[in-house]
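# Got a predicted structure here, sequence first:
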Amino acid sequence: MSHLHVDPETALELALAPVGDPRRRAAQSCATCRAELERSVRELAQLEALRAAFEADPGAARVRRLIERTLAATTREDLSWRGTARLWTQFARRRLAESAGLRWLAVAAGLQLLALPVVAWWALSTRAPGGDPVVEAPPPEPRASIQVAEIRLGPSSGPSIGPSPAPNAPALADARRVTELEVENALARDRLTLDRALRSPLFERTSAVRRPGELLACRVERWRGETCGVRAPGTSVSGIEAVLWADILLDDFVRDARAGGELAYLLSTCRSLAASRRPEAELARLTVERARRYGILADAPSGSRAADAAPFDDAWFRALTTAVAAASSQDDPTVRAWLAFGGPATRAR
């Protein structure tokens, strides 16, 4: 019977088997198999010697821990958000442990976060002596003085627009300031009066309006910010229409503090009407006085009685009644509404 020699793998297996194993005794009966078995036994002895030397090395424990940590991280990694948070926490701990500067920054940030509620409580609970929370008043808005272009109307020349001449002496500064304050007060008072009056439900536009009723309706619409369909006056405008258009543009000046050439022409016409004997002369005179109160004309008020007037006083309504009666417009619905708004001043006529 032929004999099969053992290969190196089988020889290593037999070398690890007990000495009394039948297969190991059968292999020792063959010289070739015995030599292969002895070689495997020597290799095992060398490996055991290397293992003993490795365990005797002081760094072996550190290497073993590294191997265990590597196996734990690569074979049992937590891929959820908890694992991510754990990795970030470990990284932050290592960085803080390695850097003293980062530790100081972390302590400072923690102190600031702890002090934030205390500072907020102190700021919200601080009160003024009167018991109210301390709230600074907003800074006053800059208020531009009435330094608009003046309209100078001469008896012989036409109207011209230009800046007022500078005072020749410092003594005029106080008088000029008084005049500016009078103009500002007149504008503020008239703005309030116009806003209260022209928003009255009495002045609702009707379908049967004609001039001058159409101009009175336009005055209400423009003050309310609505579109007025009345065409601007031309150079051939009649007396009462010129006066009513001048009042409309003066309303715009009260709101916007701007005067243009159209207003200059109308005021020149009003001044001519005021010096005439026409029925609308008194209404034109009051319009000129109103422009003077606003500082538009060169002869601005300075302590005059004109500064105490108002856009809708009794004198104005009496003058309006006379003017519309001469123009045969007192039956216009809009005119009747205005005259009803005037009250006793119009009924006295």
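Nice, thanks for sending it over. Everything numeric here is computed off the predicted structure, so don't read it as measured data.

# in a strand, that's where residue 19 is, yeah?
No: using DSSP: H, G, I helix; E, B strand; the rest coil, the secondary structure at residue 19 is coil, not a strand.

# what's the distance between residue 313 and residue 275?
22 Å (Cβ to Cβ, to the nearest Å). All C-beta spots, glycine's among them, are computed from the backbone N, C-alpha and C.

# now do residue 111
Distance from residue 111 to residue 275, by Cβ to Cβ: 84 Å.

# When the two are compared, which one has more neighbours?
residue 275 (13 against 10; other Cβ atoms under 10 Å).

# list the contacts for that one?
residue 281 (Cβ atoms under 8 Å, 6 or more residues apart in numbering).

# tell me which residues in the one helix or strand residue 334 maps to are buried?
Element membership for residue 334 (DSSP states H and E) is helix 333-342. Residues of helix 333-342 classed as buried: 334-339, 341-342 (neighbour count, 16 or more other Cβ atoms under 10 Å).

# And the helices in the stretch 201-349 of the chain?
Secondary structure of the stretch 201-349 of the chain (DSSP state H, counting those that start in this stretch): helices at 213-223, 239-256, 261-274, 281-293, 314-326, 333-342, 344-347.

# between those helices, which one is nearest to residue 98?
helix 239-256 (70.4 Å; Cβ to Cβ).

# can you state the direction angle for that closest one and helix 281-293?
Helix 239-256 and helix 281-293 are oriented at 20 degrees to each other (axes from the mean of the first three to the mean of the last three Cα atoms, to 10 degrees).

# elements contacting helix 239-256?
On a contact count with 3 or more Cβ pairs under 8 Å, 6 or more residues apart in numbering; DSSP states H and E, helix 239-256 meets helix 172-198, helix 213-223, helix 261-274, helix 281-293, helix 314-326.

# could you redo the last one with a cut-off of 7 Å?
helix 172-198, helix 213-223, helix 261-274, helix 281-293 (3 or more Cβ pairs under 7 Å, 6 or more residues apart in numbering; DSSP states H and E).

# Flag every buried residue along the third one.
Looking back up the chat, that one is helix 261-274. So for helix 261-274, counting by 16+ other Cβ under 10 Å, buried means 263-274.

# Could you list every helix and strand that that helix packs against?
helix 239-256, helix 281-293.

# about what we covered before: max pairwise distance over the buried residues of helix 333-342: which two?
334 and 342 (13.2 Å).

# Surely residue 267 and residue 246 touch.
Yes: using Cβ atoms under 7 Å, residue 267 is in contact with residue 246, at 6.0 Å.

# From residue 242, how far out is residue 273?
Distance from residue 273 to residue 242, by Cβ to Cβ: 7 Å.

# what does residue 71 give?
104 Å.

# Tell me which of the two has more neighbours.
A direct count of neighbours by other Cβ under 10 Å for residue 71 and residue 242 places residue 242 higher, at 23 against 10.

# For that one, which non-adjacent residue is spatially closest?
residue 269 (4.4 Å; Cβ to Cβ, 6 or more residues apart in numbering).
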